[in-house]
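J.: kindly generate the corresponding structure for this input.
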Amino acid sequence: MTPNSPKKADYGKLVRLQIPSHPRYISHTRNYFFNLALDHGFTLYEAVDLKLILGEAISNVIKHAYAGHTDKPIFIDFLFEKEKVQVKIRDYGIKTKPRDLKSSDLSDYRESGIGLFLIKQLTDYYFLDESFEVGNQIILIKKK
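T.: As a prediction, the model looks like this:
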């Protein structure tokens, strides 16, 4: 491998899921990820945080990218490394720009925007990848 070549994926550390954009799959996916996180050495509290942020991210995809349509694909990659997990959530819905993302001010009692607020608070890093012509991908990183 040359210094400029891309890093090869270690598929022994990668779990990939595809779920429909139907809310009934959020709970199942959250619980699966919670158990994976525990199996990969995350504490109970960290696993609960991960479960929460994954549910919020999937809910945002369904609500915003797919405008509530329940028959669209959501692709989720969990890459477990020694000290962290990276989660990529990919959709093919309405393109989002980072400036369009709004996080709630908790003194405002509206119900919208709380998902992004929780993602910001409970991850070590998050990033909206704008490199796709169609759809969105959010990358979430949580360290142990």
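
J.: burial of Y25, as a residue count?
T.: When neighbours are counted by other C-beta atoms under 10 Å, Y25 registers 16. For the C-beta atoms, the positions are set from N, CA and C on the backbone; glycine is no exception.

J.: buried sites along the worst-scoring helix or strand of the chain on mean pLDDT?
T.: Least confident helix or strand of the chain, by mean pLDDT, DSSP states H and E, is helix 114-122 with a mean of 89. Using 16 or more other C-beta atoms under 10 Å as the test for burial, helix 114-122 gives 115-116, 118-119, 122.

J.: also stretch 125-136?
T.: Under the neighbour-count criterion of 16+ other C-beta under 10 Å, stretch 125-136 has 126, 135-136 buried.

J.: the closest residue to D129 other than its chain neighbours bridge partners, please.
T.: Spatially, and ignoring its direct neighbours in sequence, D129 is nearest to Q137 (4.2 Å; C-beta to C-beta, 6 or more residues apart in numbering). Here Q137 sits in beta bridges with R90, D129, as judged by DSSP bridges.

J.: many thanks, we can stop here.
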